[in-house]
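Chemist: here you go, sequence then predicted model.
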Amino acid sequence: MTATADTGEPNRAGKLILVRHGETEGNVAKVLDTRVPGLPLTERGVAQAKSFGASLPVPPRRLFSSPALRARQTAGHIESVTGVPAEVLDGVYEVQVGDLEGANSDAAHRLFQEVYHRWHHGELEVRLPGGETGQEVLDRYLLVLEHLRLTYLTPGDLREEGDILLVSHGAAMRLAGRVLGNVAPPFATNNHLDNTETIELVPNYASGGDGDPFSGWECVRWGRYTPPFETDIEPTADDPMG
């Protein structure tokens, strides 16, 4: 992909691909497992991570993960397939559920989803009991994504092939994708991400302007879906951290 110039079309500089980690023991048991380091991958999760790495059309330019064990293991298996070394970034761990940590009851799931849906509807100041607010999640998470954009995803970085991959976590990814990609609920709240599914973001730069000013992100994939992200898609199965 090459940047356009003086055409009126936005310049682009590759993609930032947010990848949900592979399956964990906590996912199988529907446990709210958010505290770092967290539970490891299952054998199926290992296979998912390797399959994801093998499915990439070209190796990523850079490969990052959250500090959680499941994300580091997923990135490690992608590294084993692609040969691209994995690096850990703080700030992109899962939404911290506080008093709900380790719970897997229907009541705990309902409480998490109630607060999480309120975040997607703009009530970012609401706090999970003993945990984070939506604004706190975004403040730490988006700071890292902006660092990745400025470091690796400006038009001058197009000399290298491949995208930037970040292995992270479903609930945090969906909140960030909703804000950056302007993907509105109920699509953003109803459509959970399966393990190793992605949210793919393209940074747009105004063409022909002074310094190619950044004009925002475009979401080009959300799990199995590509734009337009219609609001009448049926909700996916319950997976509170998906």
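Modeler: Thanks, I have it.

Chemist: C-alpha only now, for contacts and for neighbours.
Modeler: Fine.

Chemist: first-to-last residue distance for stretch 34-44?
Modeler: This stretch, stretch 34-44, spans 20 Å end to end (CA to CA, to the nearest Å).

Chemist: for that stretch, buried residues please.
Modeler: 34-35, 38-42 (16 or more other CA atoms under 10 Å).

Chemist: biggest separation within the residues you listed, which pair?
Modeler: 35 and 42 (17.8 Å; CA to CA).

Chemist: now the element after the biggest helix by length in the chain, going C-ward?
Modeler: The longest helix of the chain (DSSP state H) is helix 134-152. Using DSSP states H and E, the helix or strand that follows helix 134-152 towards the C-terminus is strand 164-168.

Chemist: and the angle from that following strand to helix 134-152?
Modeler: Calculated by axes from the mean of the first three to the mean of the last three CA atoms, to 10 degrees, strand 164-168 forms an angle of 150 degrees with helix 134-152.

Chemist: so residue 172: helix, strand or coil?
Modeler: helix (DSSP: H, G, I helix; E, B strand; the rest coil).

Chemist: quick check: it touching residue 135?
Modeler: No. With contacts counted by CA atoms under 8 Å, residue 172 stays clear of residue 135, the gap being 11.2 Å.

Chemist: higher neighbour count, those two?
Modeler: residue 172 (23 against 17; other CA atoms under 10 Å).

Chemist: where in this protein is pLDDT low?
Modeler: 1-13, 157-159, 208-212, 231-238 (pLDDT under 70).

Chemist: which outside residues touch stretch 80-92?
Modeler: 50, 53-54, 59-67, 72, 75-76, 78-79, 140-141, 144, 168-169, 172 (CA atoms under 8 Å, 6 or more residues apart in numbering).

Chemist: which among these count as buried?
Modeler: 50, 53-54, 59-60, 62-67, 72, 75-76, 78-79, 141, 168-169, 172.

Chemist: in strands, which of these fall?
Modeler: 62-65, 168 (DSSP state E).

Chemist: would TSV of these with distance to residue 129 be doable?
Modeler: Formatted as TSV, those follow (distance: CA to CA, whole Å):
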residue	distance to residue 129
62	36
63	33
64	30
65	27
168	23
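
Chemist: for those residues, which one is nearest residue 93?
Modeler: residue 168 (6.4 Å).

Chemist: so that closest one is in contact with residue 66, correct?
Modeler: Yes. In this structure, residue 168 is within contact of residue 66 by CA under 8 Å, at 5.6 Å.

Chemist: shared neighbours of those two, anything?
Modeler: 92-93.

Chemist: now the helices for the protein?
Modeler: 25-29, 43-55, 69-82, 106-120, 134-152, 170-180, 187-190.

Chemist: I'd like to know which of those is closest to residue 240.
Modeler: So among the helices of the chain, helix 106-120 is nearest, using CA to CA, at 6.2 Å.

Chemist: between helix 170-180 and the closest one, find me the angle.
Modeler: 20 degrees.

Chemist: hmm, back to that, right, and the helices of the chain - which one's nearest residue 220?
Modeler: Nearest of the helices of the chain (CA to CA): helix 170-180, 10.4 Å.

Chemist: helices or strands next to that closest one in the packing?
Modeler: Counting contacts by 3 or more CA pairs under 8 Å, 6 or more residues apart in numbering; DSSP states H and E, helix 170-180 packs against strand 16-20, helix 106-120, helix 134-152, helix 187-190, strand 198-205, strand 214-222.
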